[in-house]
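need a structure here:
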Amino acid sequence: MRKRINMEDVGPDAERAPSLREAVEVFRYTKRAIALVWATSRALSVWLGALSVVAGLIPAGVAYVGKLIVDGVVRAAETGAIADRNTAIGWVLVELGLVAALAAVQRGLDATQSLLRAQLGQRVNEMILEKALTLELSDFEDPEFYDRMTRARREASSRPLSLVRRAFGLVQNALSLSAYVTLLIALSPWVAAVLVAAAVPAFLVETRFSRDAFRLFRWRSPETRKQMYLETVLAREDFAKEVQLFGLGPLLLERYREIFRTLYAEDRNLTLRRTVWGFLLGLVSTLAFYGAYAWIAISAIQKRISLGEMTMYLLIFKQAQSALSSILSAVGGMYEDNLYLSTLYEYLEHESRPLEGDATAGPRPNEGIVFDEVHFRYPGADSDVLQGVSLRIAPGETLALVGDNGAGKTTLIKLLAGLYRPTGGSVTIDGLDVAGWNRAALWSRLGVIFQDFVRYQFLVGENVGAGDIDAFEDEGRWREAAHAGLAAPFIDKLPDAYRTQLGTWFKGGRELSIGQWQKVALSRAFMRREADILVLDEPTAAMDAEAEAQIFERLRERSTDKTAILISHRFSTVRMADRIAVLEHGRVTELGSHHELMAVNGRYARLFSLQASAYQ
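Sure thing, here's the model as predicted:
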C-alpha cells in the first residue's frame, strides 16, 4: 500500500505559517551566500551587482520616454511643425537606445550568472568533498548524517548563486519600483497603496508553500537515497550477475517505481495547491490593475492628465505590479534558498572528530601495540562488539587473529588505525594513545589490506601506487610492490602492463579475477616502505594454496623487523604466526603459539583439527 505523507510528519510546525522572527532568522544565510559568491569570483560579482543596478533603472526611463513620445506625437499632429515632429522622432530614437541598452544588460546578466553558476557549483562541491575528507568512518555509517550529506549535494551547490541572483534581482526591481511609485504618487497616493496591498496575500501564501516544499525535501532524503541505490543495483556491472541470475530485476524495478509514486503524489499535491492558490490570489492583482486602469482612463477623459501621461501611468502601473511581484517572489525565493542552504551549512559545520594529536613518535618505542580493556559498540547497536579485549603485540612480532565472523577481528584493526574510537579502554602504539598521534604519521606506519579492499577504476599501476601517495605515479615502486604481492606475472601480460586501465567503467578497461584483484590490493600494502606495522585482513581468501604459501613466504621475508597482524580463516596460514589470539563474542578466549594452543585442546585446536580433516 502506498505510503501517505502527512505534513505533520514532515515537521513539527508544518501546519502554521512562519512567525516574523522565524522568517527573518532564516535569512541569516544570505550574507554567507554573498560572501561565498564574492570569494568565488570578485570580478563576476562586481559585474553582477553593477548590471543589476543598471537593469533596475532603465525600465523607468523607458516608461517616461514613452510618455514623451506620445505627448510629442499628439503635439506634432496638432501643430504640424517639423520641429515637433523631429522632437517626437528623437524621443523614439532615445527609447530605442534605452531598449537596446536594456537588452545588452540582460544578456550581460545572463552571461555573468552562467559563468558564476559553473564556478560556484564547482566551489561548493569542493567544499562538500573537502569536508568529507575530515569525517570519521562512523559518520559515513550514520544514516541520518548520510541523508544530510545527500541533501547538501543534491541542492546546495546551486542555491548560493540562486540566493545571490535573487538578492541582486530584488535590488534591481526595488530601484525600478521606487521610480515607478514616485511617478504614480504624482497621479494618486491611493494607486500606489493599492499596488502594494494587492501583492501581499500572494507573497504570504507563497512563503508558506516554500516551507512545505522544504519540509518535503528533508523528509524525502532517505527515500531518494533508496532510489539512487536501486538505480545502482539495477545498472552497475558488479551487481548485474546476481540481479539477472536470481531474477531480481522486476522486483527491484517495482520498488523503484513505488518510491517514485509516493514522492510524485506529494509533489503533485503540493503543486496543485500552490497552483490553485496562486491563481486565486493572482486574480486580486488583476482586479487591482483594471481598477487602476479605469481610474487612469477616467482621469484622461476628464482631462486631468494628458494622453501621454495616461499611457505612461498604465505602463508603469503594470510594470510596477510586475516589479513588486518580482520583489515579493525574490523574497519568497530567498526564503526558500535560505532554507535549503541550511542543509549545506548543517553538513559543513558538523563536528566530526576532535582535533587530532600532533605526535609523530611515541614515548616508549619498545612497548609495541597495546589493547587495554578495549570496548567498542557501533552507533545504534544494542551490545558491544568488543568486550574488554586486552592484547600486547611486541615490535617485530607476528600475531594472528582467528574467530567466527562478527567476533570483532576487523574492528580491532579499525581501532588501531584510528578509524573508530574505543567506547572504553585504550589502544596505544609505542606508549601513546592512538588519538594522540598525528594522523599522517600514524597512517604512514601502517600497511593495511582489508578484506573489502577497494577496486579502483584506475590504471593497474595506480591501483598499486595508491598504497603510498608519495609514490602514486612511480612505476619503479609499482613494479617492486607488485613483485612482492605476486601481481607482477599477470600484470606484465596485460596489453599495456602497468598502464592498463582496470575495471569496466571506462573505455579499454580490463576486468581481473577476484584472486588477481586481491594480489593487486596486497601489492598496495607492500608499497609502504616506511610502514613498520603490516595488517593483512583475509589477504589470501581468493588465492590458491600455492599462491598463499608464496605470499606468506614473502611476508616473512619482509616482516623480519616489522610487526604483523594477520586475520585469516585458513589455519595452515595462521600456524606460521608467533602467537595466535582466538576471539569469541568480543573477548580473547585463547592466546599462545600454535603448539601451545594445540596442547590446550580448546577451540583453536578443534577448529584446526576440523579444517585439517577436510584435506585428509
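
quick one: secondary structure of the residue nearest to Gly333 when sequence neighbours are not counted?
Nearest residue to Gly333 in three dimensions, chain neighbours excluded: Arg166, at 4.9 Å (Cβ to Cβ, 6 or more residues apart in numbering). (C-beta placed from N, C-alpha, C; glycine too.) Three-state assignment for Arg166 (DSSP: H, G, I helix; E, B strand; the rest coil): helix.

Might one say that Arg166 is in contact with Ala330?
Yes. Applying Cβ atoms under 8 Å, one finds Arg166 in contact with Ala330, separated by 4.3 Å.

Give me the nearest residue to the one residue sitting closest to the centre of the chain, chain neighbours excluded.
Note on the chain: the residue nearest the mean C-alpha position is Arg153, at 2.9 Å, using Cα atoms, centre = their mean. Among residues not flanking Arg153 along the chain, Ile128 sits closest, at 5.8 Å (Cβ to Cβ, 6+ apart).

I figured that neighbour was touching Arg148, is that so?
No. Counting by Cβ under 8 Å, Ile128 does not reach Arg148; the two are 10.8 Å apart.

and for these two, which residues touch both?
Contact criterion Cβ atoms under 8 Å, 6 or more residues apart in numbering; residues bridging Ile128 and Arg148 by contacting each: Tyr347.

ok, back up a step: for the residue nearest to Gly333, give its distance to Ser52.
As for Arg166, its distance to Ser52 is 11 Å (criterion: Cβ to Cβ, to the nearest Å).

Any regions of the stretch 451-600 of the chain where pLDDT drops low?
Within the stretch 451-600 of the chain, the stretches with pLDDT under 70 are 539-560, 572.

Need the contact partners of stretch 418-427.
Stretch 418-427 is contacted by residues 136-138, 353, 369-377, 384, 386, 388-390, 411, 414-416, 433-435, 437, 439, 442-443 when judged by Cβ under 8 Å, 6+ apart.

For it, measure first residue to last.
The first and final residues of stretch 418-427 sit 9 Å from each other (Cα to Cα, to the nearest Å).

Flag every buried residue along it.
For stretch 418-427, the neighbour count (16 or more other Cβ atoms under 10 Å) marks 418, 420-422, 425, 427 as buried.

Need the max-distance pair from these.
Using Cβ to Cβ, the buried residues of stretch 418-427 reach their maximum pairwise distance at Gly418 and Gly425, which is 14.7 Å.

number of nearby residues for Val370?
19 (other Cβ atoms under 10 Å).

Could you give the backbone dihedrals for the closest residue in space to Arg479 that isn't next to it in sequence?
In this structure, Arg479 finds its nearest non-sequential neighbour in Ala488, 6.6 Å apart by Cβ to Cβ, 6+ apart. Dihedral angles of Ala488 (phi, psi; degrees, to the nearest 10) stand at phi -60, psi -40.

Can you report how many residues lie near Ala488?
The burial count for Ala488: 20, using other Cβ under 10 Å.

switch to numbering from 34
Happy to do that; since the first residue is 34 now, the last one works out to Ala521.

surely it meets Ala515?
Yes. Between Ala521 and Ala515 there is a contact under Cβ under 8 Å: 4.3 Å.

thinking again about what came up before, quick one: the residue nearest to Arg186 and Thr167, what's the gap?
11 Å.

OK, contacts around Asp370?
62, 66, 192-193, 195-196, 199 are the contacts of Asp370 under Cβ under 8 Å, 6+ apart.
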